[in-house]
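> no sequence on hand, only this structure:
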């Protein structure tokens, strides 16, 4: 037997009733930021080679290329920036497709200093 929930919507929305559509939208996005900001901060310091390879697989790279790309990014000490982010920076800088940029990194066409320079000096900034 299912328990019927009392309808308390009117009570729960009282603090929102007087807000305009713009104020409601602003409140919504502020609440979203409160939820997402800690997740973003956590992700900045809690990634791994495995996670980054997984991201690259979802971006369309095969497992061998993903491993090679992540290894180059680790060598450059940029793993915390995110493999996809590093690829995007290369892609934008040299007007390459994301796929081309990733493969160029894997092939060693960008050295550690070139990759670090994409981030104004690297990990600490």
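Sure thing, it's come through. Values in this document were obtained by computation on a predicted structure and should not be read as measured data.

> CA atoms for contacts and neighbours, from now on please.
Noted.

> gap between the helix or strand containing residue 32 and the chain center?
For residue 32, the host element (DSSP states H and E) is helix 21-45. Centroid displacement of helix 21-45 relative to its chain, using Cα atoms, centre = their mean, to the nearest Å, is 15 Å.

> share the number of residues neighbouring residue 115, please.
Neighbour count for residue 115, taken as other Cα atoms under 10 Å: 23.

> pretty sure it is touching residue 86, no?
Yes. With contacts counted by Cα atoms under 8 Å, residue 115 reaches residue 86, the gap being 7.5 Å.

> all the helices of this structure, residue numbers only.
Under the criterion DSSP state H, the chain contains helices at 9-12, 21-45, 49-58, 63-75, 83-94, 98-106, 112-117.

> turn these into CSV, including mean pLDDT and distance to residue 3.
Output for the helices of the chain, formatted as CSV (pLDDT from 0 to 100; distance: least, Cα to Cα, whole Å):
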stretch, mean pLDDT, distance to residue 3
helix 9-12, 88, 17
helix 21-45, 90, 30
helix 49-58, 95, 41
helix 63-75, 97, 49
helix 83-94, 96, 47
helix 98-106, 98, 52
helix 112-117, 95, 58
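
> tell me, how many residues neighbour residue 120?
Neighbours of residue 120 under the rule other Cα under 10 Å: 10.

> please read the previous query as pertaining to residue 84.
Residues near residue 84, counting by other Cα under 10 Å: 19.

> count of neighbours near the closest residue to it other than its chain neighbours?
Nearest residue to residue 84, sequence neighbours excluded (Cα to Cα, 6 or more residues apart in numbering): residue 56, at 6.7 Å. Residues contacting residue 56 under the criterion other Cα under 10 Å number 24.

> distance of residue 56 from residue 86?
Distance of residue 56 to residue 86, given as Cα to Cα, to the nearest Å: 11 Å.

> can you check residue 71 too?
Separation of residue 71 from residue 86 (Cα to Cα): 12 Å.

> who's more crowded, those two?
Shown here are residue 71 and residue 86; by other Cα under 10 Å, residue 86 has more neighbours (24 against 18).

> contacts only, for the more buried one.
By Cα atoms under 8 Å, 6 or more residues apart in numbering, residue 86 lies in contact with 73, 78, 115, 118.
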